[in-house]
Every structure is written in structure tokens, then in C-alpha cells.
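Enquirer: Mind folding the following:
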Amino acid sequence: MTRCSWCGTDPLYVAYHDREWGVPERDGRALWENLMLEGFQAGLSWITILRKRDSFRAEFDGFDPERVAGWDAARIDRALQNPGIVRHRGKIAATVRGARLFIEIEGRDGFAPFLWSFVGGQPIRNRFAGMDEVPAVTPESIALSKALKTRGFGFCGPVIVYAFMQATGMVNDHLTGCPRHDQVSRLSTAG
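Expert: Below is the predicted model:
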């Protein structure tokens, strides 16, 4: 069996593939953090975000939505000075807005149940043999993207949302020849 080729040989990327990617995440705060990081990834590679993830967590108060929701223009300006993160005003402002929206959705429906409703509450288990079979978007990612945008989230187009769904285990897109495919499938039934 061979690991999915997209992670290459970078030890950080391999560890992410082997321990995190595709594992079903049901914690709303962790889902929000991942969605925000996926938004920062827009136009960049995921390995760039992984390398900066600890700095993002430090800058964004551990991705505590209550704290980030209180950021003002001066706090955004301060974040823009941090070379350890992606310094993009629009993405930082979208994260602050996303924190406020998270609080609203969490209080009403629960953020995790809201997101997971787009896959019927259970991971979609794909059985792709090659990377050329893995889609960039799906009807589910299009629907979730539209719902997020309607609520006011930014940097959440259908491609970003599909990457988010893959990362958080809403979809199991480990290739069938990858040892993680069956491992993640078993985790999917345990949740």
C-alpha cells in the first residue's frame, strides 16, 4: 500500500496526511479553525499554511471565536505586522467576521451540525484509485459554499470548501491504495 502522493516527502506534510487529513472532526471550534485556515490557503499551497499554523494559532488567540470576534481595526492592523502568518487584510477581516458568524450559528444550530448536514451527518466514503479521479468540487461543496457565503463567510468558494471537507473527514478521499483509506473509514463508523 502506498500513501496518497499529494503529501510528497516533506515530514510535516506526511505527518499531516498520516494523522489529521480525513479524520472526521465533530468539534465546532476545530472545524471553524480549519475553515479559516483553508481560506488563508486560497492562492497558496497547503504546506505553506501548515508551516505557519502555529503562528496563526498564536496570533488568532488559539482560534477562540469569542476573542477573535472582538477584534477591531487596530487588532487587525497588529495582525498584519506578523510575518509568521499570511498577511492579507481581507483574509484577516474575513476571519474576524467568521468568528462572529460562528458564534451566531453555534448558538442557534451548532456549527458542527450545520456543516455536517451537508453530507447527511456522515462522511462520504469515496473509493478513488488515482489522484486523477478526485474531484475539485462536488454538489455538496457547492451547496455548503453557497450556504456559507449567504451567511457572510468569505474565502469559501466550492474548491476551498471541498478541500475543507476532505481535511475534516466529511469526505474520505484517501486513495484506496493508501493505508489511511481503511483506517479513516473505520473512524467514520466509530463517530
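Enquirer: by contact count, what packs against the helix or strand hosting residue 34?
Expert: For residue 34, the host element (DSSP states H and E) is helix 28-41. Contacts defined by 3 or more CB pairs under 8 Å, 6 or more residues apart in numbering; DSSP states H and E place helix 28-41 against helix 46-59, helix 89-108, helix 111-116, helix 158-167. (Each C-beta comes from the backbone N, C-alpha and C, glycine too.)
Enquirer: Measure how it sits relative to helix 158-167, angle-wise.
Expert: Helix 28-41 and helix 158-167 are oriented at 140 degrees to each other (axes from the mean of the first three to the mean of the last three CA atoms, to 10 degrees).
Enquirer: May I see the buried residues of helix 28-41?
Expert: For helix 28-41, burial by neighbour count (16 or more other CB atoms under 10 Å) applies to 28-29, 31-41.
Enquirer: Just put those residues in a markdown table and tack on distance to residue 80.
Expert: Listed next are the buried residues of helix 28-41 as a markdown table, based on distance: CB to CB, whole Å:
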| residue | distance to residue 80 |
| --- | --- |
| 28 | 27 |
| 29 | 24 |
| 31 | 26 |
| 32 | 21 |
| 33 | 20 |
| 34 | 22 |
| 35 | 21 |
| 36 | 16 |
| 37 | 17 |
| 38 | 20 |
| 39 | 16 |
| 40 | 13 |
| 41 | 18 |
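Enquirer: Out of these, which comes closest to residue 167?
Expert: Distances from residue 167 to these, taken as CB to CB, are shortest for residue 34 (5.8 Å).
Enquirer: separation between the closest one and residue 77?
Expert: Relative to residue 77, residue 34 is positioned 25 Å away (CB to CB, to the nearest Å).
Enquirer: do residue 146 as well
Expert: 32 Å.
Enquirer: One more: residue 23?
Expert: Taking CB to CB as the measure, residue 23 falls 36 Å from residue 77.
Enquirer: Which of the two has more residues huddled nearby?
Expert: Neighbours of residue 23 and residue 77, each counted by other CB atoms under 10 Å, are more numerous for residue 23; the result is 17 against 12.
Enquirer: Surely that one touches residue 169?
Expert: Yes - using CB atoms under 8 Å, residue 23 is in contact with residue 169, at 5.0 Å.
Enquirer: which neighbours do the two share?
Expert: 184, 187 (CB atoms under 8 Å, 6 or more residues apart in numbering).
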